[in-house]
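K.L.:
I would like to see how this sequence folds:
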Amino acid sequence: MQFEHLIEINDPLNPLIDRLTRDELWRGLVLRAEAPGLFVPHLDECTLTDRSDTRLSRSLRYGELVIHDRVSFDEPHAVRYDVPAQGGIPESSLLMTIEEPQPDALFVRFEYDDGKADSDEDAFYNEFRRSAYEEADIDTIRVIRQLVQEGRLQRPS
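P.N.:
Residues are numbered from 1 along each chain as shown. Modelled structure (predicted):
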């Protein structure tokens with residue numbers, strides 16, 4: 001299944017939404033990779049197993065299920081999650097790209113790919129998956145906004 005959607009970050013027509021800077025948004029997307037427990041309520045544990053300036057490897061534990069993945073950073077443009085096939089889990093990826101078609105007009109494009117073509121058999125379940133992905137991504141942006149309001153995404157002095 002391949003699926004993508006776009007979330008508008010700064011809406012110039014809605015003065016009630018606090019504007020995020022590209023830097024705040026970037027730091028929020030990186031934090032989602034580094035500390036996923038802030039963003040994923042059912043995650044029991046995340047262990048960073050390897051780290052560099054542009055990549056990290058993690059083990060995510062959900063009860064008895066452990067998922068290993070790799071996250072790469074193309075600062076300040078994109079964060080990519082790659083999950084290799086493991087156990088009963090097929091290979092998949094998520095690419096989150098910051099788009100700025102004009103100054104301060106920020107969007108995040110979320111692109112999911114599990115490497116499988118959509119089939120009629122999977123169509124019913126894929127609709128639920130698309131909805132769940134979209135809700136999780138909306139929650140990601142909500143949490144980033146909340147962290148910005150709390151002053152937790154400011155650059156160290």
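K.L.:
now for whichever helix in the chain runs longest, which elements pack on it?
P.N.:
Once the chain is assigned using DSSP state H, the helix that runs over the most residues is helix 123-149. Where contact means 3 or more C-beta pairs under 8 Å, 6 or more residues apart in numbering; DSSP states H and E, helix 123-149 is packed against strand 2-8, helix 22-34, strand 105-113. The way it works is simple: take the backbone N, C-alpha and C, and place the C-beta from them, glycine included.
K.L.:
any chance of those in a markdown table, plus mean pLDDT and mean neighbour count?
P.N.:
A markdown table is the format used below for the helices and strands packed on helix 123-149 (pLDDT from 0 to 100; neighbours: other C-beta atoms under 10 Å):
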| stretch | mean pLDDT | mean neighbour count |
| --- | --- | --- |
| strand 2-8 | 95 | 14 |
| helix 22-34 | 97 | 19 |
| strand 105-113 | 96 | 17 |
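K.L.:
can I get these in JSON lines with distance to Ile141?
P.N.:
Shown next, in JSON lines, are the helices and strands packed on helix 123-149 (distance: least, C-beta to C-beta, whole Å):
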{"stretch": "strand 2-8", "distance to Ile141": "6"}
{"stretch": "helix 22-34", "distance to Ile141": "8"}
{"stretch": "strand 105-113", "distance to Ile141": "7"}
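K.L.:
now the longest helix of the chain: mean pLDDT?
P.N.:
Helix 123-149 carries an average pLDDT of 94.
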